[in-house]
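S.K.: Test case, fold it:
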Amino acid sequence: MSEKNREGKRSARERLQEERERDRVRERRRRALIVGVGGVAVLGIAAGVGFAVSQAGGDGDGPVVAPTGANGEDSLAIPVGKASAPSTLTVYEDFRCPACGQFENGFRDTIHELQDKGQLKTEYHLATIIDGNLGGSGSRNAANAAACAQDAGKFQAYHDVLYRNQPPEQDDAFANKGRLIELAGKVEGLATAEFRKCVNEGSHDGWVDKSNSAFTSSGHRGTPTVLLNGKDVNSNQQDPLTPEKLKKTVEDTAQQQS
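M.R.: Purely as a prediction, here's the structure:
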């Protein structure tokens, strides 16, 4: 066989291998879409949801430094609101996840109102599954920056700023740490030298990786996953959660315990 024929066959094999790999990637994405759309509904919309995948985001090799005040198992939850509140909202989120943005933008005012009344406390668990699904580091970097904001006692305000300025899912804008620091300027007193150092050095990257690993092994199927007093209240597409339903349930619980 001539050298030219051998090279031709080798090239054909390489092209075939590349095409098979592309088919495998497309099939994995198709299965993820089927699972995710079937499992999560936000304001009646099951689109742009984040999907849990193994080994999503981060290398898991860094030191695990929990942000100040984190609680729960392995200190993986960031609490907001009075600890004595009779109801607890548990939210698993990814800052790149558009469905998480829909949830936050739709429920933010209600959650704040109930927290201010002392009727609700919220525990946030940060995930990085969009990084794993689409590539990039925006989920991880934004989660680390939010943990840095927690160190400064300004998690909720910065968390809300990130969602109000969330880029399109395919745009990994939050990978830019300069952008994350720029957005901190929207929160009074947050853009300090200490915060910038925390963001630039990825001080909580290891903690973010551990939080994401806990989520992907939790059995929850996508973000946002929302639990009220331990019960999943956001996955029933036939009867989706609304701000009004959340408010009534929390207020009824507070009245029963008063």
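S.K.: The residue nearest to the spatial centre of the chain: what's it in contact with?
M.R.: By CA atoms, centre = their mean, the chain has its centre lying nearest to residue 94, at 1.3 Å. Going by CB atoms under 8 Å, 6 or more residues apart in numbering, residue 94 touches 50, 100, 126, 127, 128, 129, 130, 139, 143, 223. The way it works is simple: take the backbone N, C-alpha and C, and place the C-beta from them, glycine included.
S.K.: Looking at those residues, which is nearest residue 250?
M.R.: residue 100 (20.3 Å; CB to CB).
S.K.: ok so the closest one is a strand residue?
M.R.: No. According to DSSP: H, G, I helix; E, B strand; the rest coil, residue 100 belongs to no strand; its state is helix.
S.K.: Test my guess that it contacts residue 106.
M.R.: No. Using CB atoms under 8 Å, residue 100 is not in contact with residue 106, being 10.7 Å away.
S.K.: the more surrounded of those two?
M.R.: Neighbour count, other CB atoms under 10 Å: between residue 100 and residue 106, residue 100 has more, with 28 against 15.
S.K.: Surely residue 142 and residue 180 touch.
M.R.: Yes. With contacts counted by CB under 8 Å, residue 142 reaches residue 180, the gap being 6.3 Å.
S.K.: in the stretch 51-200 of the chain, which spans are strands?
M.R.: Taking DSSP state E, counting those that start in this stretch, the strands of the stretch 51-200 of the chain run over residues 78-80, 87-93, 120-126.
S.K.: would you turn those strands into a markdown table with distance to residue 173?
M.R.: Below are the strands of the stretch 51-200 of the chain laid out as a markdown table (distance: least, CB to CB, whole Å):
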| stretch | distance to residue 173 |
| --- | --- |
| strand 78-80 | 22 |
| strand 87-93 | 17 |
| strand 120-126 | 17 |
